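> Sharing a model prediction with you, sequence too.
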Number of protein chains: 2
Amino acid sequence: MATGRTHRPATRSRGIPEATVARLPLYLRALTALSERSVPTVSSEELATAAGVNSAKLRKDFSYLGSYGTRGVGYDVEYLVYQISRELGLTQDWPVVIVGIGNLGAALANYGGFASRGFRVAALIDADPAMAGKPVAGLPVRHTDELESIISDNGVSIGVIATPAGAAQQVCDRLVAAGVTSILNFAPTVLVVPDGVDVRKVDLSIELQILAFHEQRKAGEETVPGTAAAAAGAAAGSGATASARPRAATGGRKGPDGDVPAVMPA
Amino acid sequence: MATGRTHRPATRSRGIPEATVARLPLYLRALTALSERSVPTVSSEELATAAGVNSAKLRKDFSYLGSYGTRGVGYDVEYLVYQISRELGLTQDWPVVIVGIGNLGAALANYGGFASRGFRVAALIDADPAMAGKPVAGLPVRHTDELESIISDNGVSIGVIATPAGAAQQVCDRLVAAGVTSILNFAPTVLVVPDGVDVRKVDLSIELQILAFHEQRKAGEETVPGTAAAAAGAAAGSGATASARPRAATGGRKGPDGDVPAVMPA
DNA sequence: CCATCTTTGTGCACGCGTTCACAAAGGCAT
DNA sequence: ATGCCTTTGTGAACGCGTGCACAAAGATGG
């Protein structure tokens, strides 16, 4: 799901698969928990269970980092924590800025998971002048006008966008122009960035929609068709706060397949 | 990002690839925007650009849903909006509960992206008695004691967990026991659920760690020296196994349970 | 009605990721 | 030291997802 950045074919032996990189934080979390319980070593089987993955996959993932285990024993917890932290770049300090201090931005600012992993919130930035100076999570909110200087002064290379969708691209452009090369985007928009800039997105409603898909399928399997009727009825009563966008024909559609399109210019 | 238990390879001929399902919300978002601008039709190329994907991929994705396009013209926007919505199950009403009304939970409750897509927040639940009755996003927070009855009374099948890591599994168990079959988990923990229950997780710090990895690599490419050299050396020599035991350079112990998000009662 | 042009739908090949299965490696007891 | 037992590390097979490239389908203009 990496964006922009063209995948590295095999320029160097340093080619750690993207899928593996995405799992390293998972292993690190499980290992940290073990470390705090002073567990000295752990087998691939145990660690895999704790991380919620397959043990073979875990071993292969670690094999990309090197041979850090001891056959017949397992992995040294502390050592592995260090190796993974170093690989992920968490042994250094990463100043980040959060742009858009609404509900979500404030929640992110208060989120403890950042600070505990080497990420330091350098500044909170919002476009609303009324927010300027107001303390959030112990930091005074700065106005958007200061964005460039904040990035520059703190050497920020990672930016978090938590603005409304409409402002995201503009904020993104300014961040990139100011020197940010990695962006975590919470706004429901596709961001266009130049090569060399990484963008990862988190869309809360997308995850929910995927769940709905599976949920619908589960319901459809158990009780043969027919749920559509009740569903249509329920849907009619909702949509109160829904946008003005007219929902396509919620009229009595039924058949799971081959149903007549409600809105379709033949 | 995969779900813990989504292995349903070919339950039915109705097998839409998981990767495709994950992109449908993306297309839907782009289509909705076009619909609001009253654009009648759109080509796969245009839509693909708007959604940030490859046009061939988009066409293949749509082919799993059926032949909804017109050669030489493109796709009818309204019709496609309806088809995708129906496929995702968004034409029906999905009552959801959010458990854990801290910073993140409150942000989720206020998030407009839910309501606009058929998701209705049926209730906000928190374990803190002091929170009970307090209005958040226009809804009174309910106490955990009422969890089961809320699920039952509202026919909730989707639950959102935004509690600290320590409470997540317990909440999850109760939700499942009460009838919830889909869970969106924001707590940094691996949830164990019985078969038939879908879990999707969103971990804010994981995304940031992945960015840090790439960021470090980018920095290492430009300026060879420093940590990059040491890292390469350690990784290259596979024979150089655990010799010395470098202490985790994360600088002392972070807070215990370094994962716990700063949500919930302080 | 026919020719041309546009865009879809898809067969095919390729590469990545996952999983299996097992030999090699190390610890441990005797 | 020797043999047994445990667990790692990885070669190989398999399946899924992606992207190319093109034929089929339909619109459009003459």
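Cool, got the structure.
> in chain A, which spans are strands?
A:41-42, A:69-70, A:74-76, A:94-99, A:119-126, A:135-136, A:139-143, A:158-161, A:182-185, A:198-201 (DSSP state E).
> Just name the most buried of these.
Among the strands of chain A, ranked by average contacts under mean count of other CB atoms under 10 Å in any protein chain shown, first place goes to strand A:158-161 (a mean of 26). Bear in mind the C-beta positions are built from the backbone N, C-alpha and C, glycine included.
> That strand pairs with which strands, and in what direction?
strand A:94-99 (parallel), strand A:182-185 (parallel) (DSSP bridges).
> any residues touching the longest one, and which ones?
Surrounding strand A:94-99, the residues in contact under the criterion CB atoms under 8 Å, 6 or more residues apart in numbering or on different chains are A:105, A:108-109, A:114, A:118-126, A:144, A:147, A:150-151, A:154-163, A:171, A:175, A:180, B:208, B:212, B:215.
> so how far is it off the chain centroid?
In terms of CA atoms, centre = their mean, to the nearest Å, the centre of strand A:94-99 is found 15 Å from the chain centre.
> Would you reformat the strands of chain A as TSV and include distance to DNA strand D?
Output for these, formatted as TSV (distance: least, CB to the nearest atom of the strand, whole Å):
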stretch	distance to DNA strand D
strand A:41-42	7
strand A:69-70	3
strand A:74-76	4
strand A:94-99	28
strand A:119-126	28
strand A:135-136	37
strand A:139-143	38
strand A:158-161	24
strand A:182-185	19
strand A:198-201	15
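> Tell me which of the ones you listed sits nearest to DNA strand C.
Among the strands of chain A, the nearest to DNA strand C by CB to the nearest atom of the strand is strand A:69-70 (5.5 Å).
> Parallel or antiparallel, list what pairs with that closest one.
strand A:74-76 (antiparallel).
> Give me the contact list for the strand it pairs with.
The set of residues external to strand A:74-76 that reach it, using CB under 8 Å, 6+ apart, is A:40-44, A:46-47, A:62, A:68-70, B:242, B:245.
> Next: stretch A:168-175.
A:97, A:99-100, A:144, A:147-148, A:151, A:159, A:161, A:163, A:183, A:185, A:187, A:189, A:191-193, A:199.
> for the record, mean pLDDT for that stretch?
When pLDDT is averaged along stretch A:168-175, the result is 98.
> Repeat that for stretch A:121-130.
For stretch A:121-130, the mean confidence score works out to 98.
> Stretch A:81-97 too?
Rounded mean pLDDT across stretch A:81-97 is 97.
> ok, so what distance separates residue A:196 from residue A:173?
Distance check for residue A:196 against residue A:173: by CB to CB, to the nearest Å, it reads 14 Å.
> Let me see the contact set for residue A:104.
Per CB under 8 Å, 6+ apart, neighbours of residue A:104: A:162, A:186, B:107, B:111.
> Residue A:196 and residue A:173 - which one has more neighbours?
residue A:173 (14 against 11; other CB atoms under 10 Å in any protein chain shown).
> Of the strands paired with strand A:158-161, which is nearest residue B:132?
Comparing the strands paired with strand A:158-161 against residue B:132 with CB to CB, the closest turns out to be strand A:94-99 (30.5 Å).
> Tell me the buried residues in stretch A:156-172?
Of the residues in stretch A:156-172, those buried under the neighbour-count criterion (16 or more other CB atoms under 10 Å in any protein chain shown) are A:156-163, A:167-169, A:171-172.
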